[in-house]
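Peer 1: Provided below are the primary sequence and the corresponding predicted coordinates.
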Number of protein chains: 2
Amino acid sequence: MDIPMDAKQIHHGKESASCPMDFILRMLMGPWTTYILYNLKTHGPQRFGELKRRVAGISAKMLTERLRTLEGASLVRRDYEATIPPKVTYSLTQRGHELDDVLGKLAEIGMRWEAEDAALRAARAAELKAAE
Amino acid sequence: MDIPMDAKQIHHGKESASCPMDFILRMLMGPWTTYILYNLKTHGPQRFGELKRRVAGISAKMLTERLRTLEGASLVRRDYEATIPPKVTYSLTQRGHELDDVLGKLAEIGMRWEAEDAALRAARAAELKAAE
DNA sequence: CCGTATCCCCGGGGATACTG
DNA sequence: CAGTATCCCCGGGGATACGG
């Protein structure tokens, strides 16, 4: 299970006034964030370990930090049961679900682009083959 | 002009299959990316230096790298005129403009949340003041 | 089981100086 | 003007071990 790194991201935005969507993108942009939200949306409320298993490759430290941030932004809810062993369940809040539409649209566009690019590459490859 | 850093982001996604919007978010998530797209959308096609001035605090290295990535993803178009001095103009492609709606929606949600949070904080402050 | 604490490391990003 | 080249640095993130 190798975990390639592919994109690093630092945001230096001084004031969000110059870019209205900065506030919200700062949330979505966090590392792994989309995987987490996607899993919570798709598989419903689930426990820490479950989530960690699904978001393959994430470290406990990172998962904790992301969940805390999302909780702080009221996108995710944390339910703690002090049983033995303890049981912690995470779920999307109402606010979290407000992203469903946008994320769906984003997913649609992304997949369309991927498909278009793939088709283009295939066409190019076929062209090359025909030319030889 | 101090430039605070506030969010770092590494994406370790192995396969995008587990998260359909990963592909597109990888683009938008890049550092400064939203500022750049926002400026190109708002102020129209513009030259490298102009863009650099508007995206306050970005380094030439970073701006170049981001523009190249966006160009590679066909979101941004680069027009080069070999005059003296040379003139390079960047603009959104048609594909780049496909994001207008989603980004607008995202901006709307983000601003609403910000307003809600601000109102909540104000209410809390007032409550505290009344209590003393 | 659900985390935190500690250590260590690496590569992304700024600053500066330079070219076409 | 629009970048590249070089250097340097720091802090984010993984791994590991441990606590409640």
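Peer 2: It's in.
Peer 1: next structured bit after the one helix or strand in chain A whose mean pLDDT sits lowest?
Peer 2: Here the helix or strand of chain A ranked lowest by mean pLDDT, DSSP states H and E is strand A:7-11, holding a mean of 38. For strand A:7-11, the succeeding helix or strand toward the C-terminus, using DSSP states H and E, is helix A:22-28.
Peer 1: what's the average pLDDT for that following helix?
Peer 2: Regarding helix A:22-28, the rounded mean pLDDT is 78.
Peer 1: touching DNA strand D at all, that helix?
Peer 2: No. Helix A:22-28 does not reach DNA strand D (Cβ under 7 Å from any atom of the strand); its nearest approach is 12.8 Å. (Each C-beta comes from the backbone N, C-alpha and C, glycine too.)
Peer 1: What of stretch A:60-67?
Peer 2: Yes. When contact is scored as Cβ under 7 Å from any atom of the strand, part of stretch A:60-67 falls within range of DNA strand D: A:Ala60, A:Lys61, A:Met62, A:Glu65.
Peer 1: That stretch and DNA strand C, any residue contact?
Peer 2: Yes. Among the residues of stretch A:60-67, A:Ala60, A:Lys61, A:Thr64, A:Leu67 lie within reach of DNA strand C under Cβ under 7 Å from any atom of the strand.
Peer 1: Among those residues, name the buried ones.
Peer 2: When burial is judged by neighbour count using 16 or more other Cβ atoms under 10 Å in any protein chain shown, the buried members of those are A:Leu67.
Peer 1: Tell me, how many residues neighbour A:Lys41?
Peer 2: For A:Lys41, the number of neighbouring residues by other Cβ atoms under 10 Å in any protein chain shown comes to 16.
Peer 1: now swap in A:Val102 and tell me
Peer 2: Residues near A:Val102, counting by other Cβ under 10 Å, number 19.
Peer 1: residue contacts, it?
Peer 2: Contacts for A:Val102 were tallied using Cβ atoms under 8 Å, 6 or more residues apart in numbering or on different chains; they are B:Val102, B:Lys105, B:Leu106, B:Ile109.
Peer 1: Going by neighbour count, which of the residues you listed comes out on top?
Peer 2: Scoring the contacts of A:Val102 on neighbours with other Cβ under 10 Å, the highest-scoring entry is B:Leu106 at 25 neighbours.
Peer 1: Using neighbour counts, pick out the buried residues of the helix or strand hosting that one.
Peer 2: Assigning secondary structure by DSSP H and E places B:Leu106 in helix B:100-131. Taking 16+ other Cβ under 10 Å as the basis for neighbour counts, the residues of helix B:100-131 that come out buried are B:Val102, B:Leu103, B:Lys105, B:Leu106, B:Ala107, B:Ile109, B:Gly110, B:Trp113.
Peer 1: Tell me which two of these sit farthest apart.
Peer 2: Of all pairs drawn from the buried residues of helix B:100-131, the one with the largest separation by Cβ to Cβ is B:Val102 and B:Trp113; the distance is 16.4 Å.
Peer 1: For whichever residue of chain A sits closest to DNA strand C, give its distance to A:Leu63.
Peer 2: Each residue of chain A has a distance to DNA strand C, by Cβ to the nearest atom of the strand, and the smallest belongs to A:Gly49, at 2.9 Å. With distances defined as Cβ to Cβ, to the nearest Å, the gap from A:Gly49 to A:Leu63 amounts to 10 Å.
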